[in-house]
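Asks: Predicted coordinates and the sequence they were generated for:
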Amino acid sequence: MLAYFVHHFSPFIFEIREGVGLRWYGFAYVAAFLLGYRLYRWLAEHGYTEMPPEQVSDFITWAAVFGVMLGGRLGWALFYWIPEKGWRDVLDHPLTFFKVWEGGMASHGGIIGLVLFTLFWSRAKRLSWTSIGDSLCVVAPIGLFLVRCANFINGELYGKPGDVPWAVIFPLADDGLPRHPSQLYEAGLEGVVLFTSLWILRTRLRVPRGIITGAFFILYAALRIVGEVFREPDPAWAFGRLSAGQTLSLFLFAIGAAFLVWGWRTQQYERALALTPAAKTGKATA
């Protein structure tokens, strides 16, 4: 018989006292925002977005608060908390909404929150919505990767039972069965694969505004559906054989297709992509 790894990681980087301290989950979000800021600013400085570099810090800060945090928490409440517990539980325990360490965030809610926030920001700053959104989609997989790794450290959102050599026994499952470390599968798919694909689209290919956003929605939906094949379904609800996460991902295909159509019809390009190679090097052209 195989000797499977037993998950024993602490959710805390360090504890000030029992139950209070710096958690890996919170650190993952902070690290994601900092790395996202640095990469987005690089894209702005090199002409891959219409946003001026000096606006990036404010943009990432408010996107983190209203897009990711508020959108992600609202998504968790609407997609998982209410369907599983009902409105009565919400009314009886309203403060649960603010306990982000209990239940966490919903990535679909965070994505919707970012879409709405970037729309607001583009209107307020008179910038192209698809321009700032495309570059945000490029940096978003960094956060997805780090948060999935934090999910693994927490031992939550574990996978289905499996007898693969790298299976893990998660104490939170409370059954002693070896399971797929689906959190790491999703970190690889939603983080590494998605980031690499979008980075190539952004920096190696000449595509109009909106195409990268469309590609993000479609690729994320496809990769999320694949990853959830190995993940223990959320108990809140399901749609036939599809889990809640897979069902929600289906709607992202339509949104992605709309952005692809918009991009190819408008044919607007970023400054870095509109310049000729000669212009980039400062040489005059005839």
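Replies: Received it, and whenever you're ready, just let me know what you need.

Asks: C-alpha from now on. contacts and neighbour counts both.
Replies: Fine.

Asks: buried residues in the lengthiest strand in the chain?
Replies: Longest strand in the chain, counting residues (DSSP state E): strand 12-17. Buried residues in strand 12-17, counted by 16 or more other Cα atoms under 10 Å: Phe12.

Asks: Tell me where the stretch 151-286 of the chain has helices.
Replies: Using DSSP state H, counting those that start in this stretch, the helices of the stretch 151-286 of the chain run over 182-186, 194-203, 211-227, 244-266, 271-274, 277-280.

Asks: Residues contacting the fifth one, please?
Replies: Contacts of helix 271-274 from elsewhere in the structure, counted by Cα atoms under 8 Å, 6 or more residues apart in numbering, are His46, Gly47, Tyr48, Thr49, Glu50, Arg206.

Asks: quick check: mean pLDDT across it?
Replies: Average pLDDT, helix 271-274: 87.

Asks: C-alpha coordinates for it, CSV please?
Replies: Only the C-alpha atoms of helix 271-274 are listed here, as CSV (Å, rounded to 0.1, in the frame of the first residue of the first chain):
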residue,chain,number,x,y,z
ARG,A,271,0.2,52.2,-28.1
ALA,A,272,2.9,49.5,-27.9
LEU,A,273,1.2,47.4,-30.5
ALA,A,274,0.3,50.3,-32.8
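
Asks: Could I get the buried residue list for it?
Replies: Across helix 271-274, burial judged by 16+ other Cα under 10 Å covers Ala272, Leu273.

Asks: now the fourth one
Replies: The neighbour-count criterion (16+ other Cα under 10 Å) identifies 244-250, 252-253, 256-257, 259-260, 262-263 as the buried residues of helix 244-266.

Asks: What about Val207, how many residues nearby?
Replies: By other Cα atoms under 10 Å, 18 other residues sit near Val207.

Asks: Please read the previous query as pertaining to Leu91.
Replies: Leu91: 10 neighbours (other Cα under 10 Å).

Asks: Phe59 now?
Replies: Quick note: Phe59 (other Cα under 10 Å) scores 17 neighbours.

Asks: Over to Gly162?
Replies: 15.

Asks: The one 10 residues further on now?
Replies: Leu172: 13 surrounding residues under other Cα under 10 Å.

Asks: That one against Gly155, yeah?
Replies: Yes. At 6.7 Å, Leu172 counts as touching Gly155 under the criterion of Cα atoms under 8 Å.

Asks: on that earlier part again, following element in sequence after the longest strand of the chain, please.
Replies: Toward the C-terminus, strand 12-17 is succeeded by strand 20-23 as the next helix or strand (DSSP states H and E).

Asks: Contacts for the next helix or strand after that next one next, please.
Replies: Toward the C-terminus, strand 20-23 is succeeded by helix 24-45 as the next helix or strand (DSSP H and E). Under the criterion Cα under 8 Å, 6+ apart, residues 11-13, 49-53, 56-57, 60-61, 64, 135-136, 139-140, 142-143, 146-147, 150-151, 153-154 lie in contact with helix 24-45.

Asks: now helix 24-45 and strand 12-17, what's the angle there?
Replies: 130 degrees (axes from the mean of the first three to the mean of the last three Cα atoms, to 10 degrees).

Asks: in the protein, which ranges drop under the pLDDT threshold?
Replies: 1-2, 101-103, 275-286 (pLDDT under 70).

Asks: run the last query once more with 80
Replies: Applying pLDDT under 80 to the chain flags the ranges 1-2, 19, 99-104, 274-286.

Asks: Mind giving me the packing neighbours of the longest strand of the chain?
Replies: strand 20-23 (3 or more Cα pairs under 8 Å, 6 or more residues apart in numbering; DSSP states H and E).

Asks: what packs against the strand it packs on?
Replies: Applying 3+ Cα pairs under 8 Å, 6+ apart, one finds that strand 20-23 contacts strand 12-17.

Asks: Neighbouring strands of the strand it packs on in the sheet, and parallel or not?
Replies: Applying DSSP bridges, strand 12-17 is found paired with strand 20-23 (antiparallel).

Asks: List the buried residues for the strand it pairs with?
Replies: Here strand 20-23 shows Arg23 as buried, counting by 16+ other Cα under 10 Å.
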